[in-house]
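# this is the structure alone, sequence omitted:
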């Protein structure tokens, strides 16, 4: 069976139908955080990214920056950085691209049938969230909490349940919002290897069944400009070079900062999104601006 993202007909039918420190108040507690009246963020609303956890994907359509999240998927993040540093991804095509869904790449055969010579990855559909996990709470309800770990949208069990678990933590998973990166696999949960995909739209059906490893923080327009098709017509768009941001020469390394999800501006952005979407609001409706210089 080709190693590709396995999306059943039920999924297509469904489609047709930085974190806060413990001392900072959660987003949902709006009485404790001043809500800015203007749309422009201030200097204190940003956070600097860790360059050792950013993939710089230069494509023939432009540059994509993906912030990796080792708290959510440590083995996957390590694999992506290992293959990146070997030059494995250089020149590989986006061989499966579905509108409003995702761009898939990372196969040396450019067909969905290949992978690296490294062992397959164990699934990291879930991770454990504790009191020390940097998490910005956005919504709470129905026995769940939704928020952000860095730039990654996350849903977890309520942290209050941690008092009843052996490790003092609760179960959490990344949410497949636009820009989120996931590990492509075949039917077996442990069949992921080198292939990955970047979301063009929201894929809630993937939550808890695919490993979410990070999020596009710059170049989402590039993600959406990749040529469509299963496979796309020749020539397919491709990744020209892929590098870890920290490995770029200092003189040519872009300076990247992302909106701090614990900032007053972000609180205002959440409030505006909630007002705009009403009862349909989800964590995927929250904007997360970035700046690259």
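On my side now, so go ahead. Owing to the predicted nature of the structure, the values given are computational and were not obtained by experimental measurement.
# can you give me the helices in the chain?
For the chain, the helices defined by DSSP state H cover 9-16, 74-85, 220-223, 264-277.
# now do the last one: which elements does it pack against?
By that I understand helix 264-277. Under the contact criterion of 3 or more Cβ pairs under 8 Å, 6 or more residues apart in numbering; DSSP states H and E, helix 264-277 touches strand 256-259. The way it works is simple: take the backbone N, C-alpha and C, and place the C-beta from them, glycine included.
# note down every partner strand of the strand it packs on and its orientation.
Strand 256-259 sits in its sheet next to strand 46-48 (antiparallel), strand 290-292 (antiparallel), going by DSSP bridges.
# what's the least confident stretch among the helices of the chain?
Among the helices of the chain, helix 9-16 has the lowest mean pLDDT, at a mean of 37.
# circling back: and the helices of the chain: which comes nearest residue 128?
helix 74-85 (11.2 Å; Cβ to Cβ).
# show me what contacts the nearest residue to residue 289 once chain neighbours are set aside?
In this structure, residue 289 finds its nearest non-sequential neighbour in residue 259, 4.9 Å apart by Cβ to Cβ, 6 or more residues apart in numbering. By Cβ atoms under 8 Å, 6 or more residues apart in numbering, the contact set of residue 259 is 41, 45, 46, 47, 265, 266, 269, 287, 288, 289, 290.
# ok, and the most crowded of those?
Within the contacts of residue 259, most neighbours by other Cβ atoms under 10 Å means residue 266, with 26 neighbours.
# correct me if wrong: that residue contacts residue 45.
Yes: using Cβ atoms under 8 Å, residue 266 is in contact with residue 45, at 6.9 Å.
# need the overlap of contacts for those two.
Common contact partners of residue 266 and residue 45 (Cβ under 8 Å, 6+ apart): 259, 260.
# show me where the stretch 51-200 of the chain has its strands.
Ranges of strands in the stretch 51-200 of the chain, per DSSP state E, counting those that start in this stretch, are 54-59, 62-68, 96-98, 102-105, 127-129, 136-141, 144-149, 152-156, 170-174, 180-183, 196-199.
# lowest-confidence stretch among those?
Note on the strands of the stretch 51-200 of the chain: lowest mean pLDDT is at strand 136-141, with a mean of 92.
# what angle do that strand and helix 264-277 make?
Here strand 136-141 points in a direction 30 degrees away from that of helix 264-277 (axes from the mean of the first three to the mean of the last three Cα atoms, to 10 degrees).
# list the neighbouring strands of strand 136-141 plus their orientation.
Next to strand 136-141 in the sheet, as set by DSSP bridges, lie strand 144-149 (antiparallel).
# who does the residue nearest to residue 174 when sequence neighbours are not counted bridge with?
Among residues not flanking residue 174 along the chain, residue 212 sits closest, at 2.7 Å (Cβ to Cβ, 6+ apart). The partner list for residue 212 in beta bridges (DSSP bridges) reads residue 182.
# I'd like to know how many residues surround residue 212.
28.
# which residues touch it?
Residue 212 makes contact with 69, 72, 73, 152, 173, 174, 175, 176, 180, 181, 182, according to Cβ under 8 Å, 6+ apart.
# and with 10 Å instead?
By Cβ atoms under 10 Å, 6 or more residues apart in numbering, the contact set of residue 212 is 69, 72-73, 76, 124-125, 127, 152-154, 173-177, 180-183, 199, 206.
# can you turn the buried part of those into a PyMOL selection?
Remark: buried members of the contacts of residue 212, expressed as a PyMOL selection using 16 or more other Cβ atoms under 10 Å:
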select buried, resi 69+72+73+76+124+125+127+152+153+154+173+174+175+176+177+180+181+182+183+199+206
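# distance of the residue lying closest to residue 219 once chain neighbours are set aside from residue 108?
Nearest non-adjacent residue to residue 219, counting by Cβ to Cβ, 6+ apart: residue 64, 3.7 Å away. Using Cβ to Cβ, to the nearest Å, we find residue 64 at a distance of 20 Å from residue 108.
# ok, those two, which is more surrounded?
Per other Cβ under 10 Å, whichever of residue 64 and residue 108 has more neighbours is residue 64, with 25 against 17.
# is it true that that one touches residue 242?
Yes: Residue 64 is within contact range of residue 242, at 9.3 Å (criterion: Cβ atoms under 10 Å).
# find residues that contact each of these two.
55, 56, 57, 58.
# could you report the pLDDT at residue 168?
For residue 168, the predicted pLDDT is 97.
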